[in-house]
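Engineer: I would like to see how this sequence folds:
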Amino acid sequence: MSKSGKGMESPSADTPDANTINASAIEYQLCSVPELPTSLGFSARLNMLWDLAGVVPSQTEGRISSIRVINPQWSEADIRRWLQRDVLPSRLDLHNMVKFLASQLQGNQNVQRWEAFLIYGSPIVPSPIEHIIYREDQQRRDIASMIFSELTDRYEIPPSSYQADAAFQRCLTLMHKFNIYETHDFQPGHMEPFKNYMFPGD
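Structural biologist: Model prediction:
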C-alpha cells in the first residue's frame, strides 16, 4: 500500500513544464506592443453619433466649443483629438459620453454596443444604427444612396477618403433637416452643402 504526503504529488500530464512556460513568456514578449494600436475610423463614427444625437452643431459650425459647454472638463485639445485624430477618450469619458448621446436617440439604445462599435467599427461590431427608426425607411435610404452617388461622381471623391457608413448617416441627417422625403425635394442648390457636410475632410 503506497503512502501519499502533502507536496509530494508529481506534476500531472496537463501541467506545463518550465520550458513551456518560458516559451510562452518569449511568445508574449513578441506579441506585445508598447501602446494600443490606433482605432481607425473612431473619429468618423464618433462624429456620426454626435450628428445623430443632434445636440451640437456640425463639425464646421462650432462642434468642439459646443461640446466643451456640455462638459467643461474636456479640453479643446482632447476633443479635437477624439473628433479628428482617432484618439480614444478614457474609458470613463467614453462611457459617459456615449451614455449621454445614446439617450438622445430613439428606441432603447444599448450603450455598451455603441461603445464597442465606436472603438472597433463594423463588421467586428454590427452597427447599432440599424435600430434607429429612420434607417428603416427604405424610400429615404434609396434617396440617400442617390445623393451619395451623385456627390461622389460630381466631385470625384475617392472611396478611400471617407467612411461610407458615417457619410451615409450624415446624408440621412441632413435630409431630415432639409425636409427631403422624395427625389424631387433634392435640388441642385443642395449639392454643395451636402458635399461639405457628408465629406467634411475634403
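Engineer: which stretches of the protein aren't confidently modelled?
Structural biologist: 1-14, 130-138, 201-202 (pLDDT under 70).
Engineer: could you pull out the helices for it?
Structural biologist: 18-31, 42-53, 63-70, 76-84, 91-102, 111-120, 138-154, 164-177, 191-198 (DSSP state H).
Engineer: And the chain, what are its domain boundaries?
Structural biologist: Following automatic domain parsing, the chain resolves into domains at 42-128, 137-198.
Engineer: okay, how far is it across the first one, tip to tip?
Structural biologist: Translated: domain 42-128. Taking CA to CA, to the nearest Å, domain 42-128 runs 15 Å from one end to the other.
Engineer: what about I129, distance to F199?
Structural biologist: 18 Å (CB to CB, to the nearest Å). C-beta: built from backbone N, CA, C; applies to glycine.
Engineer: These two: which has the busier surroundings?
Structural biologist: Taking other CB atoms under 10 Å, I129 and F199 do not tie; I129 has more neighbours (21 against 17).
Engineer: Contacts only, for the more buried one.
Structural biologist: Neighbouring residues of I129 by CB atoms under 8 Å, 6 or more residues apart in numbering: 48, 52, 135, 165, 169.
Engineer: can you list those in a markdown table and add neighbour count?
Structural biologist: A markdown table is the format used below for these (neighbours: other CB atoms under 10 Å):
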| residue | neighbour count |
| --- | --- |
| M48 | 23 |
| L52 | 22 |
| R135 | 17 |
| D165 | 17 |
| Q169 | 25 |
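Engineer: So which of those residues is the closest to D93?
Structural biologist: Nearest to D93 among these: M48, at 18.1 Å, using CB to CB.
Engineer: Could you report the distance from the closest one to I147?
Structural biologist: 16 Å.
Engineer: before we move on, what about S39?
Structural biologist: Distance of S39 to I147, computed by CB to CB: 28 Å.
Engineer: Equivalent analysis for A44, please.
Structural biologist: Separation of A44 from I147 (CB to CB) stands at 18 Å.
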